[in-house]
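**Q** This is a predicted model, with the sequence first.
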Amino acid sequence: GAGVSQTPSNKVTEKGKYVELRCDPISGHTALYWYRQSLGQGPEFLIYFQGTGAADDSGLPNDRFFAVRPEGSVSTLKIQRTERGDSAVYLCASSLIISRSTDTQYFGPGTRLTVL
Amino acid sequence: AQKITQTQPGMFVQEKEAVTLDCTYDTSDQSYGLFWYKQPSSGEMIFLIYQGSYDEQNATEGRYSLNFQKARKSANLVISASQLGDSAMYFCAMREGGGGADGLTFGKGTHLIIQP
């Protein structure tokens, strides 16, 4: 079946602009996660959705970052007033929650965001 | 303190040899899950193997096995009979079953290069 898809694959924007990144999870997966991966680092957790609600947004770096998942499937990560430090690969993952510690997350190909 | 430590930034291994990638973790939870992901140069994160904290047997998936030493808080990935296609970044990750953020916590990764 289809895996996690993310669009766009690349996004170049100017400092101060607003961007939206989209994630389409694996069909039937109730849990959805956003991560950010800077060059040479492992992914860092941003936010977790269980269904439509953000169950944990403790990883969002500041209030310029926001994410929604209005119908419990597709999610959009929104970044306002982008800064050069926001440049990174944004990864989305989804999973079938069985239990918290056994949950295997499957990742999309990522969106590479470059802020000029 | 870092929750996931991968001490090998890079490794060169001859094709067909076995390779061990190190991972140590830090948690006070009794219930947790440990995961290994492969990230080729194309960027996607590919799930390889999972080990639960209560699992008594070491996990195996094809050529991948996990050397789980709970008392030492160690979860090393072993790749048998390495192939050129194994060249990639490898990330160890953990999700705690109790408190803490809901996302995976990743190490900094090991860049594995298989030489012919």
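**A** Okay, I see it.
**Q** make it CA atoms for all contacts and neighbour counts henceforth
**A** Fine.
**Q** Would you map the strands across the chain?
**A** I went with chain A, as the question did not name one. When secondary structure is read from DSSP state E, chain A shows strands at A:5-7, A:10-13, A:19-24, A:31-37, A:44-50, A:53-56, A:65-68, A:75-79, A:88-95, A:106-107, A:111-115.
**Q** should've been chain B
**A** Assigned by DSSP E, the strands in chain B fall at B:4-5, B:10-14, B:19-21, B:24-25, B:32-39, B:46-52, B:60-61, B:64-69, B:74-79, B:88-96, B:105-106, B:110-115.
**Q** Residues contacting the fourth one, please?
**A** Spelled out, it's strand B:24-25. For strand B:24-25, the external contacting residues (C-alpha atoms under 8 Å, 6 or more residues apart in numbering or on different chains) are B:Gln2, B:Lys3, B:Ile4, B:Thr5, B:Gln6, B:Arg72, B:Lys73, B:Ser74, B:Ala75, B:Asn76, B:Met94.
**Q** And for the most centrally placed residue in chain A, nearest residue in space, chain neighbours not counted?
**A** Nearest to the mean C-alpha position of chain A, by C-alpha atoms, centre = their mean, lies A:Trp34 at 2.9 Å. Across the structure, with C-alpha to C-alpha, 6 or more residues apart in numbering or on different chains as the measure, the residue nearest A:Trp34 apart from its sequence neighbours is A:Cys92 (4.6 Å).
**Q** Check B:Met89 too.
**A** With C-alpha to C-alpha, 6+ apart, the residue lying closest to B:Met89 is B:His111, at 4.4 Å.
**Q** who's in contact with the one you found?
**A** Shown here is B:His111, whose contacts under the criterion C-alpha under 8 Å, 6+ apart are B:Gln8, B:Pro9, B:Gly10, B:Met11, B:Ser87, B:Ala88, B:Met89, B:Tyr90.
**Q** Out of these, which comes closest to A:Gly28?
**A** Using C-alpha to C-alpha, B:Tyr90 comes nearest to A:Gly28 of those, at 27.7 Å.
**Q** Spell out which parts of chain B neighbour chain A.
**A** B:31-33, B:43-47, B:50, B:52, B:91, B:95-97, B:101-109 (C-alpha under 8 Å from any C-alpha of the partner chain).
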